[in-house]
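Chemist: what follows is a predicted structure for the sequence shown.
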Amino acid sequence: METDLNKKVVKDIDDMHDKQVEDMLTKGGPGDRSSPGNVNTEEWWKWNNLSDYTKLKAGKTVRGQPPSDKSILQQAKDKDIWFCTIPFTQVYNEISDKYRACCFGKDAEHETIKNTSLKEWMVDSEYMNSIRKEMLDPKSDHKAVNDICRRCRSDEEIYGRSRRTNCLKIHTNDKEFWDNIQKNVELYNASGQYAFDERILEIQLKVFGSECNLDCFMCVHANSTTRQRVAEKGVWNDAVFGERGKVREDYMKLVMADKTEGVTEQVMELLTYVRSIKVIGGEPLIMKKHYELLEKVIESGHAKHIYLKYQTNLTKTKKGRHNIFNYIPHFKNVSMVASVDGIGKTIEYMRRRTEWEEVVENIEMCRQHPNVVVDFNGLVSNLSVMRFYEVIDWCKDNPVIDQLNWAMIDKPKHLRPNKLPEEIKKSLIPKYKDWPDIIAALERPADPDVDLQNVFDYMLKADKFYEGTKWESHLFEVFPELEPYYDPTKHRDHNEQAKIFQTWDKSVKEAEETSDTNII
């Protein structure tokens, strides 16, 4: 029986239909009253979500008193300080092996997973201590914050929301979690020294590799082995991604190197303070080495206190002997954050090799486990923004998603929403009347140095590459509104195009379709 993938729904297997749709869509950031340059703090520390302990502290604030006499809570709500919970709660390491404050933060200059332990990074790092101090100082000039946290500073100015605001909305409305964060922050504010005191840490380590089964058109190539192999076959545009050379090659070698030595032991040392472990890829559910860490955590007896989180494409749930559903029951809670920014044929084109029906079936499997929630976290890009409202509508029709969130693509800049033709952007704005950050992205003028024809060149190379495979799909069939803006005379060398794919014959395609490791 044929299935209309655009209408494929998840079975109602619990009481999720009783949830308010607005709660699902706004938890995590979208849908509040923020606007570009004006972060609204009403959704932070909502009174009914506070513990008596925190209410007592907040209640001591007297209107009109100077910022230094207010509680941290009130200073943040009044925007006297630019506060973020992440530097107090998260250990993050990038795929390059360098530490960061978070996935949007600037790379540390010197500290890497090889020369600095997780504990040393949190306690002794000047990088982390500099932003912590500035975030708690109403008189700060934010020199370090403006440098290290530039992405969130920029996003809040352009869109009104950021990773910082998303986390504050979630963290400050979790009574137990916020109380523990608050104690830690107050200890730091008093002593100037970070201390492991409460179970508040989230471990995010991108050290398990870049193995990924998808070829998402906007993904950084370092984050996907499939992307790397497809690029090597010629699906590339220098204007979009930059020229390939020795610097890029050296970086890719660094990315692919094994960085796991000693890391598991360091995590185990901190387990008493670990609230959650988030595994990021690549595609984490097919990265074998991370399962070794899960097994150690389960053996330790701490798993029942820990939240396990995944940033996943949710197309696969096992690799070899490892099946995620065998590990899930051991953890307190498991959050599957699915990278979904399109429905049906849209996501199958943007995140090539995805099968939407497979994603939906895996959502159903996840929801059969009482300690699992499934979230959607999409990336708003030049392609996804043309259909992202379908994801919002799908979530309304299928309230089995715990929360829907999204971020704006930053790099490569050619793939940002504001690079679309003005006529298309204007036609989309009414579809996002409840989402001011997406409207702000569409209202931004296109950069004069970005040529849309380079984007077409890149996308059409991918279309040519996948011809004859089960992943064949064409840009102008999925996004027909773009075709009038395509100029086939620009940036196209058809003879060169033929050379690029002359080895991509039928036997290679057939082998590719059945391969676990993708293009070889």
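Modeler: It's in.
Chemist: can you tell me, leaving aside adjacent residues, what's nearest to Ile280?
Modeler: Gln311 (4.7 Å; Cβ to Cβ, 6 or more residues apart in numbering). Glycine gets a C-beta too; all of them are placed from N, C-alpha and C.
Chemist: ok, the one you found to Asp375 distance?
Modeler: 10 Å (Cβ to Cβ, to the nearest Å).
Chemist: so what sits against both of the two?
Modeler: Counting by Cβ atoms under 8 Å, 6 or more residues apart in numbering, the contacts common to Gln311 and Asp375 are Val337.
Chemist: shaky segments in the stretch 301-450 of the chain?
Modeler: Along the stretch 301-450 of the chain, the model assigns pLDDT under 70 to no residue.
Chemist: now do the helices in it.
Modeler: Applying DSSP state H, counting those that start in this stretch to the stretch 301-450 of the chain gives helices spanning 324-327, 345-350, 356-367, 388-397, 422-428, 436-443.
Chemist: pull the CA atoms of the lengthiest helix in the chain into CSV?
Modeler: In the chain, taking DSSP state H as the definition, the longest helix is helix 175-191. What follows is helix 175-191, C-alpha atoms only, in CSV (Å, rounded to 0.1, in the frame of the first residue of the first chain):
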residue,chain,number,x,y,z
LYS,A,175,12.7,23.7,40.1
GLU,A,176,15.3,21.2,41.2
PHE,A,177,17.7,21.9,38.4
TRP,A,178,17.6,25.6,38.8
ASP,A,179,17.9,25.4,42.6
ASN,A,180,21.1,23.4,42.1
ILE,A,181,22.4,25.8,39.5
GLN,A,182,21.6,28.7,41.7
LYS,A,183,23.7,27.2,44.6
ASN,A,184,26.6,26.7,42.3
VAL,A,185,26.4,30.2,40.8
GLU,A,186,26.2,31.7,44.3
LEU,A,187,29.2,29.8,45.5
TYR,A,188,31.2,30.9,42.4
ASN,A,189,30.1,34.5,42.9
ALA,A,190,31.3,34.5,46.5
SER,A,191,34.6,32.7,46.0
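Chemist: what comes up buried for it?
Modeler: For helix 175-191, the neighbour count (16 or more other Cβ atoms under 10 Å) marks 177-182, 184-185, 187-188 as buried.
Chemist: TSV for the helices of the stretch 301-450 of the chain, including distance to Ala222?
Modeler: Below are the helices of the stretch 301-450 of the chain laid out as TSV (distance: least, Cβ to Cβ, whole Å):
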stretch	distance to Ala222
helix 324-327	24
helix 345-350	19
helix 356-367	24
helix 388-397	25
helix 422-428	30
helix 436-443	25
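Chemist: can you put the ones you listed in CSV and add mean neighbour count and distance to Leu293?
Modeler: Putting those into CSV (neighbours: other Cβ atoms under 10 Å; distance: least, Cβ to Cβ, whole Å) gives the following:
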stretch, mean neighbour count, distance to Leu293
helix 324-327, 17, 10
helix 345-350, 22, 29
helix 356-367, 19, 21
helix 388-397, 18, 31
helix 422-428, 16, 42
helix 436-443, 22, 35
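Chemist: of those helices, which is nearest Ala76?
Modeler: Closest to Ala76 of the helices of the stretch 301-450 of the chain, according to Cβ to Cβ: helix 436-443, at 20.4 Å.
Chemist: could you tell me the angle between the closest one and helix 388-397?
Modeler: Here the directions of helix 436-443 and helix 388-397 differ by 160 degrees (axes from the mean of the first three to the mean of the last three Cα atoms, to 10 degrees).
Chemist: next helix or strand past helix 436-443?
Modeler: For helix 436-443, the succeeding helix or strand toward the C-terminus, using DSSP states H and E, is helix 452-465.
Chemist: got the buried residues for stretch 229-240?
Modeler: 229-231, 234-237, 239-240.
Chemist: also stretch 259-277?
Modeler: In stretch 259-277, residues buried by neighbour count (16+ other Cβ under 10 Å) are 259, 263-264, 266-268, 270-271, 273-277.
Chemist: and the buried residues of helix 175-191, which is closest to Val337?
Modeler: Phe177 (17.4 Å).
Chemist: ok, for that closest one, nearest residue in space, not its chain neighbours?
Modeler: Nearest to Phe177 is His171, by Cβ to Cβ, 6+ apart, at 6.0 Å.
Chemist: mean confidence score for the helix or strand hosting Leu73?
Modeler: According to DSSP H and E, Leu73 maps onto helix 72-77. Confidence for helix 72-77, expressed as mean pLDDT, is 92.
Chemist: with stretch 266-275 instead?
Modeler: On average, stretch 266-275 scores 96.
Chemist: what lies in contact with it?
Modeler: 89, 91, 117-119, 177, 196-203, 205, 277, 293, 296-297, 300, 302, 305-307.
Chemist: circling back to that earlier point, packing partners for whichever helix or strand comes after the longest helix of the chain?
Modeler: Going down the chain from helix 175-191, the next helix or strand is strand 201-205, by DSSP H and E. Contact here means 3 or more Cβ pairs under 8 Å, 6 or more residues apart in numbering; DSSP states H and E; on that basis strand 201-205 packs against strand 90-93, helix 263-270, strand 274-279.
Chemist: Glu355: which of these is closest?
Modeler: strand 274-279 (22.4 Å).
Chemist: strand partners (parallel or antiparallel) of the closest one?
Modeler: Sheet pairing here is set by DSSP bridges, and for strand 274-279 it gives strand 201-205 (parallel), strand 307-312 (parallel).
Chemist: ramachandran angles for the nearest residue to His142 once chain neighbours are set aside?
Modeler: Nearest residue to His142, sequence neighbours excluded (Cβ to Cβ, 6+ apart): Glu134, at 5.5 Å. Dihedral angles of Glu134 (phi, psi; degrees, to the nearest 10) stand at phi -70, psi -30.
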